[in-house]
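Asks: This is a predicted model, with the sequence first.
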Amino acid sequence: MGWFEGSLWKWTLAWKRELRQNEVQQLDEMIALPSQQCPKHGQDDNILWKGNTIYSVKELQKHVNLEVEIDSLVCTVWKKLAPPKVEFFMWLALLGRLNTRQRLCDKGLLQEDQTICLLCSLQPESLDHILLLCSYSQQVWISLAAELGQSLTAAASFNEHYERWMAKTWRRGLSTG
């Protein structure tokens, strides 16, 4: 993470890939925090909490003026209602982190002409499209809702759809026939 140049510590962060422009800007903001604290040559490192209260992550956030936003919708995934890999998939979806064709294009891994949805061939494969707006996805949701005795209302985003879905009162289970 760094080395001494004479008696001065120099932070050095290494990355496995080249950073994109927005990541370089985030790095510049992030590097300011550790730059204020450096190891001293010939002395052991130690951690000392100088806050007025007992140490906690919440107190640390107040101390360094970090604002953390917790998305309560994303937290609803971990209810053991589905296998862990399904919960993980939903967690990534709600965070907008699924590697759809559009996201891979944004990362520079696909060309713009490679983003079309493979199911309908009509729209770019974004998260909202592939999980909610594609005609094939819509048919899955409509069939599932009908099987469970529910009706669906149109949602503008997958997160909105998920929130409505999880708020429903389920009266009937899946039939076995």
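Replies: Received, thanks. Numbering: from 1, shown residues only.
Asks: how about low-confidence regions in the chain?
Replies: Along the chain, the model assigns pLDDT under 70 to residues 1, 33-36, 51, 63-71, 170-177.
Asks: at 90 what do you get?
Replies: For the chain, applying pLDDT under 90 flags the ranges 1-82, 107, 144-154, 164-177.
Asks: how about the longest helix belonging to it as CSV, C-alpha atoms only?
Replies: With secondary structure taken from DSSP state H, the chain has its longest helix at helix 21-35. The C-alpha trace of helix 21-35 is given here as CSV (Å, rounded to 0.1, in the frame of the first residue of the first chain):
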residue,chain,number,x,y,z
GLN,A,21,-12.4,8.4,-15.9
ASN,A,22,-15.2,8.4,-13.2
GLU,A,23,-13.1,6.0,-11.1
VAL,A,24,-10.1,8.2,-11.3
GLN,A,25,-12.2,11.1,-10.0
GLN,A,26,-13.5,8.9,-7.1
LEU,A,27,-9.9,7.9,-6.3
ASP,A,28,-8.8,11.5,-6.1
GLU,A,29,-11.5,12.1,-3.5
MET,A,30,-10.8,8.9,-1.6
ILE,A,31,-7.0,9.3,-1.4
ALA,A,32,-7.4,12.5,0.6
LEU,A,33,-8.4,10.5,3.7
PRO,A,34,-5.4,8.2,4.0
SER,A,35,-3.1,11.0,3.0
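Asks: Which elements pack onto it?
Replies: Helices and strands touching helix 21-35, as assessed by 3 or more Cβ pairs under 8 Å, 6 or more residues apart in numbering; DSSP states H and E, comprise strand 8-11. For every residue, glycine as well, the C-beta is placed using N, CA and C.
Asks: can you pull the buried residues of the longest helix of the chain?
Replies: Judged by neighbour count (16 or more other Cβ atoms under 10 Å), helix 21-35 contains no buried residues.
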